[in-house]
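Asks: Need a 3D model of the following:
(chains A and B)
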Amino acid sequence: NAGVTQTPKFQVLKTGQSMTLQCAQDMNHNSMYWYRQDPGMGLRLIYYSASEGTTDKGEVPNGYNVSRLNKREFSLRLESAAPSQTSVYFCASSETRGGYEKLFFGSGTQLSVL
Amino acid sequence: RKEVEQDPGPFNVPEGATVAFNCTYSNSASQSFFWYRQDCRKEPKLLMSVYSSGNEDGRFTAQLNRASQYISLLIRDSKLSDSATYLCVVNSGGATNKLIFGTGTLLAVQP
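Replies: The predicted model follows:
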């Protein structure tokens, strides 16, 4: 029972490089999310997708793009990485359409931008 | 003022102790409330939802006070395995209905 799988687990980038974080869930959830977690800040929502084919900005979307490729997959792309994007990134999915009754998180990606 | 505020701790308690965490929220339109648990370097996991009448799950009791806009989590008979960060989570209410996470309260249960 994989749940939410995100890759990679660790990544080091140089300023200006690009990369894509991959996320997939096998629970047939409609809603998927990308959060970042920084010390003293709590988890902050970057983007979310309430259903296949739709995406919306969260609290901190600048510098990121997302793609809801199908119901299972939701990727996060950094086009030109900046040191301020050094963080731990979590993908999540939820059981109810547009709702937040229970979030299931992936194991996280530790990203360092030098 | 932060939308969701928690005492960061750490709370250092001996095994068997009872410990309580409080969390305040600023948006009176919030309708859903949760406690998540996060172990060091791991993903958050839902511990329990918080219902208006209060609810209990084993050694864990959650309470909601809408008038004062705070929720609480009580842990009885603390175990070493309870050591973690406890995240207070509140939905934003209104049209967007997004979840707002507190910064977490660190609990360290000592042998």
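Asks: where exactly do the strands run in chain A?
Replies: A:4-7, A:10-13, A:19-25, A:31-38, A:42-49, A:56-57, A:64-68, A:74-78, A:87-94, A:103-105, A:109-113 (DSSP state E).
Asks: can you list the residues of chain A near chain B?
Replies: Applying Cβ under 8 Å from any Cβ of the partner chain, we find that chain A lies next to chain B at A:35, A:40-45, A:48, A:58-59, A:90, A:98-103, A:105-108. All C-beta atoms are positioned from the backbone trio N, CA, C, and that covers glycine.
Asks: Provide a PyMOL selection command restricted to the buried entries of these.
Replies: A single PyMOL command selects the buried members of the residues of chain A next to chain B (16 or more other Cβ atoms under 10 Å in any protein chain shown):
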select buried, chain A and resi 35+42+43+44+45+48+58+90+100+102+103+105+106+108
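Asks: Low-confidence stretches in chain B?
Replies: Applying pLDDT under 70 to chain B flags the ranges B:94-97.
Asks: Show me which residues of it are close to chain A?
Replies: Proximity of chain B to chain A (Cβ under 8 Å from any Cβ) is limited to residues B:4, B:8, B:32, B:36, B:41-46, B:49, B:87, B:91, B:97-99, B:101-104.
Asks: quick revisit: who wins for proximity to residue B:56 among the strands of chain A?
Replies: Taking Cβ to Cβ, strand A:103-105 is the member of the strands of chain A nearest to residue B:56, at 22.0 Å.
Asks: tell me the average confidence for that closest one?
Replies: Strand A:103-105 shows a mean pLDDT of 92.
Asks: What pLDDT is listed against the most centrally placed residue in chain A?
Replies: By Cα atoms, centre = their mean, the mean C-alpha position of chain A lies nearest to residue A:34, the distance being 2.7 Å. Here the pLDDT value assigned to residue A:34 is 96.
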